[in-house]
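Visitor: next comes the sequence, and after it the predicted model I'd like to discuss.
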Amino acid sequence: MKYTSTRGKVPACGFIDTFLMGLGDDGGLMIPATIPAISSQTLAEWQRLSFQDLMLAVFSLYTNDEIPAEDLKDLVYTSYAGFRSPEVLPLTKLNDSLYILELFHGPTFAFKDVALQLMGNLYAYVAKKQNKVINILGATSGDTGAAAISGVRGKEGIQICILHPHEKVSRVQELQMTTVQDDNVLNLSVKGNFDDCQGIIKELFADLEFKNKYHLRAINSINFVRILAQSVYYFYAYLQLPEGVRAGGVNFSIPTGNFGNIFSGYLAKRMGLPINKLILATNENNILQRFVHDGIYMPDKFHSTYSPSMDIQIASNFERYLYYLCDEDANEVAERMERFKAEGRLEFNEAEREKILSDFGAHSVNGAECLNTIQAYKDRYDYLLDPHTACGIAAAEADRKDKLTVSLATAHPAKFDEAIRLCGIKQSFPEAVRELFDKPQRQVVLDNNKEDIVEQLVRFYPAD
Ligand SMILES: Cc1ncc(COP(=O)(O)O)c(C=O)c1O
Ligand SMILES: N[C@@H](CCOP(=O)(O)O)C(=O)O
């Protein structure tokens, strides 16, 4: 398996080089040159697999034996040993047509742990085996940062710096990141929003001299390994459904911000998983819902919402979908991304709009609908949704009512008690969350200014 970039200017490379490169060196996003096809017979054989073994089965189609099978097995089993559920990601039935896949049983209570525990171990493995310097640089609206830090804290040969938007993450998210005292962790709290943070790190990754001098590595979903690891749970959810129930294919509803999670579902679908529609749920930051319904991709005013992790305008992985929408024509993608940069919008033709609507459903959930959904599901099922998951559920109800849908629960409600309390619900926190409130914090607060951020990075990262 070789990997290439959506903009076509990166020479074909292998799995580990793709992992280390993160953002494509031509500014595009890395993707497999061909997507492996999973036959219905293979899918049937995967039925018996645990989540860990399914992860191994999927990864082995992509890793070119660059990681010996025994080592990969070790990495995978170690990564999920700390999850609080024996199934790792349990599937809960709410009613005959609605299931919830709980992705929040990892150490930081969000779906990001699924990929980032593994990526943390993989970085440590590559640092040791290939004697590589691993200086991770990431941007977060709250969850990626906490999960990435948890995946690498204290690990030899790895430094991690995470930018988060100052006072725009939940209290628990902030504490999860900033109470970590390990010397290999730096938290920069930037007076801006997530798009500002992501914009700065993308500029730094695109500056190849800086990227190479400081050995910058990515943990955000610009890194293809994030996408790949997340694609596995779509297979896992499907295989856990009773055969008779899933016979006509499955819809997935996905709370969406950076388009990484939903693109992982799209990858699973292209591999052959019988997915009918991917339902894209946004909050008021609804650029992606407008893209699906109006055929125009154009950022709008930034909104602070009850689901802060999805307060995103520029969705990184949109470019990966664009690549497939353009029939894998990298020159066309490069040209459209240039146009987007110059004009701030992209418009799609009739045929493309039809294609988009055949892949995705979409619903934008406002604050009242989000809180009403949390209240309704507490009353109806005694099930407490976090506000992001509530957006996914509201979208499933709006778009696919009574059609078999698996809704992804992307975070534990304890991370977003601000919204839960507004519903008049008092929840009890898991011990690992409760104890955060007594710990000292460590972070540097900065203006939204690239030079100040670079100054911090240069001081923090070992260079050549
Ligand atoms: C809890 C939660 N739900 C949903 C999302 C959106 O996922 P994505 O950015 O992959 O679209 C995020 C952030 O990524 C998140 O932290
Ligand atoms: N919601 C995310 C934003 C970053 O997304 P990523 O999937 O590209 O890491 C977060 O919680 O940080």
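Guide: Good, I have the coordinates. Ligands and ions are numbered 1, 2, ... in the order given.
Visitor: and the strands in the stretch 301-450 of the chain?
Guide: Applying DSSP state E, counting those that start in this stretch to the stretch 301-450 of the chain gives strands spanning 346-347, 360-364, 405-409, 444-447.
Visitor: run the chain-centre distance for the first one.
Guide: Going by C-alpha atoms, centre = their mean, to the nearest Å, the spacing between the C-alpha centre of strand 346-347 and its chain's C-alpha centre is 24 Å.
Visitor: neighbouring contacts of it?
Guide: Strand 346-347 is contacted by residues 295-298, 336, 339-340 when judged by C-beta atoms under 8 Å, 6 or more residues apart in numbering. Just so you know, the C-beta spots here come from the backbone N, C-alpha and C atoms, and that holds for glycine as well.
Visitor: what's the answer for the last one, then?
Guide: Surrounding strand 444-447, the residues in contact under the criterion C-beta under 8 Å, 6+ apart are 166, 186-191, 452-453, 456.
Visitor: quick one: which of the contacts of strand 346-347 is nearest A206?
Guide: F340 (15.0 Å; C-beta to C-beta).
Visitor: in three-state terms, label L94 for me.
Guide: What DSSP: H, G, I helix; E, B strand; the rest coil gives for L94 is strand.
Visitor: burial check on the closest residue in space to it that isn't next to it in sequence, number of neighbours?
Guide: With C-beta to C-beta, 6 or more residues apart in numbering as the criterion, L94 has its nearest non-adjacent residue at 5.4 Å, and that residue is Y381. Neighbour count of Y381, defined by other C-beta atoms under 10 Å: 15.
Visitor: now the strands of the stretch 301-450 of the chain as a markdown table including distance to E418 and mean neighbour count?
Guide: Converted to a markdown table, the strands of the stretch 301-450 of the chain look like this (distance: least, C-beta to C-beta, whole Å; neighbours: other C-beta atoms under 10 Å):
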| stretch | distance to E418 | mean neighbour count |
| --- | --- | --- |
| strand 346-347 | 34 | 14 |
| strand 360-364 | 21 | 23 |
| strand 405-409 | 18 | 28 |
| strand 444-447 | 20 | 14 |
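Visitor: need those strands in CSV with distance to ligand 1 and mean pLDDT, can you?
Guide: Shown next, in CSV, are these (distance: least, C-beta to the nearest ligand atom, whole Å; pLDDT from 0 to 100):
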stretch, distance to ligand 1, mean pLDDT
strand 346-347, 18, 98
strand 360-364, 13, 98
strand 405-409, 8, 98
strand 444-447, 22, 98
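Visitor: in TSV: those, plus distance to ligand 2.
Guide: Shown next, in TSV, are these (distance: least, C-beta to the nearest ligand atom, whole Å):
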stretch	distance to ligand 2
strand 346-347	20
strand 360-364	17
strand 405-409	13
strand 444-447	18
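Visitor: and the ones you listed: which comes nearest T34?
Guide: Closest among the strands of the stretch 301-450 of the chain, using C-beta to C-beta: strand 360-364, at 23.1 Å.
Visitor: run through the neighbouring helices and strands of the closest one.
Guide: When contacts are defined as 3 or more C-beta pairs under 8 Å, 6 or more residues apart in numbering; DSSP states H and E, strand 360-364 packs onto strand 275-282, helix 287-294, helix 387-400.
Visitor: list buried residues within the contacts of strand 346-347.
Guide: If you count burial by 16 or more other C-beta atoms under 10 Å, the buried members of the contacts of strand 346-347 come out as 295, 297, 336, 340.
Visitor: please identify the buried residues of the helix or strand encompassing L204?
Guide: Assigned by DSSP states H and E, L204 belongs to helix 194-206. In terms of neighbour count (16+ other C-beta under 10 Å), helix 194-206 has its buried residues at 194-202, 204-205.
Visitor: ligand 1: which of the contacts of strand 346-347 is nearest?
Guide: Y297 (14.8 Å; C-beta to the nearest ligand atom).
Visitor: residues contacting the closest one?
Guide: By C-beta under 8 Å, 6+ apart, the contact list for Y297 reads 287, 290-291, 318, 340, 345-348.
Visitor: 6 Å - rerun?
Guide: 291, 346 (C-beta atoms under 6 Å, 6 or more residues apart in numbering).
Visitor: surely Y383 and A376 touch.
Guide: No: taking C-beta atoms under 6 Å as the definition, Y383 is not a contact partner of A376, at 10.1 Å.
Visitor: name the SS class of C161, please.
Guide: C161 is classified as strand under three-state DSSP.
Visitor: tally up the residues packed near it, please.
Guide: 24.
Visitor: that one pairs with what?
Guide: Going by DSSP bridges, C161 is paired in beta bridges with L137, L186.
Visitor: relative to T405, how far out is it?
Guide: Relative to T405, C161 is positioned 38 Å away (C-beta to C-beta, to the nearest Å).
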